[in-house]
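[1] quick one, what's the 3D model for this:
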Amino acid sequence: MIRRPMLAIFLLLVLGIIIWQKLGVGAPELPDSDINVQCQGQVEQIQVKPSGQVFVLADVEMVADDDKERVEVEKVIVYNSSDIQLFSKTKIGNIVKVAGSYSAFQRATNPGEFNQYEYYRSMKVSGSVFAEHFSICDDRCLYMEQGLFEVRQMAMKQLRGLMTEEDAGVLGAMILGEKSGLLADTKDLYQQTGIGHILAISGLHISMLGVGVFSFLRKYLFSLKKSVIVTVLFLFVYGQLTGFPVATTRAVIMLCCRLLARYSGRTYDVWSALAFSGIVILIQEPLQLFQCGFLLSYAAIAGIHLFEPIMEVLKVKNRMIQSVISSGAFFVVTLPVMLWFFYEVCPYTVVVNLVVLPVLSLLIGLGILGCVVSFVWHPGGEFLLATSHYILKYYKWICEMTTELPFSRIVIGRPSVVWMVMYYLILLGVILAVMCGRKKWYVYAGAFAVLMMLGKARPQMEFMYTQLDVGQGDCACIMHGESTYLIDGGSTSEKEIGKYVLERFLKFYGRQKVDVVFVTHSDADHINGILELVERREKSGLEIESAVVPEIEKKDENYISFLTTLERYDTNVYTMKKGDACGKDKLSFSCLHPAPDYEWESENDYSLTLDISYKDFEILATGDLEETGEGVLQLPRKGYDVLKVGHHGSKTSTSQELLDQVNPQVALISCGKNNRYGHPAPEVVERLEKVGSQVMCTTEQGAIMIEVGEEIGVYGYGK
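    Model (predicted):
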């Protein structure tokens, strides 16, 4: 450590950032709702989206329209809120004035959900403004940045003109850092098989490009020192062209350190270079420390170089074996990071990388050369890019074939921090044992311990009830040992709730299968997420084994359509009526409503109403049941621990008569923030408080978690 002071400084910086983050220093207060603002700042970056140009505004001065008070922000993303292309003449470096609606990025309110707030905060971006009025105050621009932006857009235009949309999106991400054209299905396919890293301009790309340029200059044009200087300048220009994402920044800095060491005749130390690049990045953007891109990039490089001494100790000379060890090192060291952010792993990743990476340099070379040549000789560029197409087709074939293999995705869930620390300590112990020439049984014992650790990575719980925050909708999940149950799953205020909330929540806890989903009734805000999960089964690897719906004689169109969709996707469907019960071990679900011949007027009133009990802990879940339906309920017990309040807290539900019987200790309300229905109704909240209930609402607490073990814990995820 003393021999590497740069590494010591880096580790101290990391420790300081962790403490700073835990103490919550510098975390801004978020406005509860959108506010109208006027702001001024400098255009730092321009992005081209399918909907038009979007830009990042830095050095922002913002005031609210209503009270003229200053709004504390660092950077904002500005979108065009009208059909008119307001930003067509905007250039990087312009000082602009914007008036519109400002929204702060919100924290994740469900386990597993993408944390938009933390992601953008790591880049010092506070929120977004949808511009209604826009003007350029100072048209002076930053010529190099603007020129490189225009070059990147022209290059993307060439790729789109000469390749398919899918190929252009992949190659644009690989060589230009332009991800706006990358198809979501393609990105998911690459990530699922463990080669998503090639879609970012990482150390592999920079090393190929930088070493190639340096070797060419050194051999044919310049002396050693001139070749180093020109290559370093080229790397910084290329990094600027791609927008300098974290992985690119690290790779450029490390390769420049390597070249400058050669220039000065000094020894290049990879650990010092790695630490120096980390210091540069974290001083500028400290919260990058907690982002996937930073952690994966540094874990990958650290892992590969940690395993290099092992190859020397074992005297591995065969290139193929070296490649296998390097690929295995990448997988083993980055595994905890992958689980932390993606919750699942492909066990064939090592093999896939072995067959993909050998032709990556050819693909990147052909892509760059084809793009450049197409500007001066269209047929030549088209030929080179057509060759790239077959490599990309080969990649896609490998990925698709891998996903068809058994156990191609293993959902483990997010491990605990303690588990991650133990994993890395054991792994480091194995590496040190090999390097120190210890007896083989030390190594075998350590390797076995690493494998055993994988079995402990999955989150464990005895019993947990979660009322998810799905906006204006309803979804609850019960996890009991290895069993998983859903009660409804839908939203009318949030898009793709199945993909972005339900699926990620289940995988966060290591669940690859839902044993039963209880569907209370057929309103869209209770079922559209369930339909998404069923339809996405092949893509997500998440299976719903069976669905339970209320047994009723009079069926509405949505009910029939829902059942038809489930049958089309081969999902088992069962009906449940008043008096029926099911369960497992000490967990039971008893149906209190409806009877098959119940004459309902509103779809809400045939809601499947469940008495849920685990040991001596009881929950009453009423779906969207209204007062008419509540009036025919015959409760099997006097008093419940938890009431899932009916119909999002509507004034037409949760009557005083019901509350006198239920007398819940905790009342859970699921509804959307600032919804147009006024849920929850003030009179309902007042009635609940009068009977002594602790009222918890997803708009305030986010997902509401109730864990039952030796003790009972109730808490909100969003707080």
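
[2] where in the stretch 401-550 of the chain is pLDDT low?
    437-451 (pLDDT under 70).

[3] can we see that at 80?
    430-456 (pLDDT under 80).

[4] all strands for it, in order.
    410-411, 463-467, 473-480, 483-491, 513-514, 516-518, 543-544, 546-550 (DSSP state E, counting those that start in this stretch).

[5] okay, those in CSV with mean neighbour count and distance to Leu360 next?
    Placement of C-beta: from N, CA and C, glycine included. Below are the strands of the stretch 401-550 of the chain laid out as CSV (neighbours: other Cβ atoms under 10 Å; distance: least, Cβ to Cβ, whole Å):
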stretch, mean neighbour count, distance to Leu360
strand 410-411, 17, 26
strand 463-467, 22, 42
strand 473-480, 25, 41
strand 483-491, 25, 39
strand 513-514, 18, 35
strand 516-518, 24, 42
strand 543-544, 17, 34
strand 546-550, 22, 44
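
[6] at the geometric centre of the chain, which residue sits there?
    Centroid-nearest residue in the chain: Phe114, 4.2 Å away (criterion: Cα atoms, centre = their mean).

[7] wasn't that residue part of a strand?
    No - assessed by DSSP: H, G, I helix; E, B strand; the rest coil, Phe114 does not belong to a strand; its assignment is coil.

[8] that one contacts Glu503, correct?
    No - under the criterion of Cβ atoms under 8 Å, Phe114 makes no contact with Glu503, lying 11.5 Å away.

[9] list the contacts for the closest residue to Gly702 other than its chain neighbours?
    Leaving aside its chain neighbours, Gly702 sits nearest to Gly718 (2.2 Å; criterion: Cβ to Cβ, 6 or more residues apart in numbering). For Gly718, the contact set (Cβ atoms under 8 Å, 6 or more residues apart in numbering) comprises Arg107, Ala108, Thr109, Asp469, Glu700, Gln701, Gly702, Ala703.

[10] highest neighbour count among those?
    Asp469 (29 neighbours; other Cβ atoms under 10 Å).

[11] quick revisit: on the three-state scheme, the residue nearest to Gly702 is what?
    Per three-state DSSP, Gly718 ends up coil.

[12] do you know the pLDDT at it?
    At Gly718, the pLDDT value in this model is 73.

[13] remind me which residues of the stretch 51-200 of the chain are low pLDDT?
    Across the stretch 51-200 of the chain (using pLDDT under 80), the flagged ranges come out as 51-52, 81-88.

[14] which stretches in it count as strands?
    52-64, 75-80, 95-104, 125-138.

[15] quick one: which of these is nearest Leu432?
    Leu432 lies closest to strand 125-138 among the strands of the stretch 51-200 of the chain, at 41.4 Å (Cβ to Cβ).

[16] any idea how far that closest one is from the chain center?
    In terms of Cα atoms, centre = their mean, to the nearest Å, the centre of strand 125-138 is found 27 Å from the chain centre.

[17] what do you get for stretch 655-669?
    37 Å.

[18] next: stretch 476-487.
    On Cα atoms, centre = their mean, the centre of stretch 476-487 falls 22 Å from the chain's centre.

[19] span of that stretch from start to end?
    5 Å (Cα to Cα, to the nearest Å).

[20] from now on call the first residue 29
    Understood, numbering begins at 29; the last thing we discussed is stretch 504-515.

[21] which other residues reach it?
    In contact with stretch 504-515 (Cβ under 8 Å, 6+ apart) are residues 489-496, 502-503, 516, 530, 533-534, 537, 539, 541-546, 548, 558, 572, 612-613, 615, 617, 638, 640, 642, 649, 651, 672, 698.

[22] now do stretch 249-261
    Gly238, Val241, Phe242, Leu245, Arg246, Cys284, Leu287, Leu288, Arg290, Tyr291.

[23] before we move on, back to that, tabulate the contacts of Gly746 (TSV), appending distance to Pro78.
    Formatted as TSV, the contacts of Gly746 follow (distance: Cβ to Cβ, whole Å):
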residue	distance to Pro78
Arg135	27
Ala136	26
Thr137	28
Asp497	29
Glu728	35
Gln729	36
Gly730	31
Ala731	32
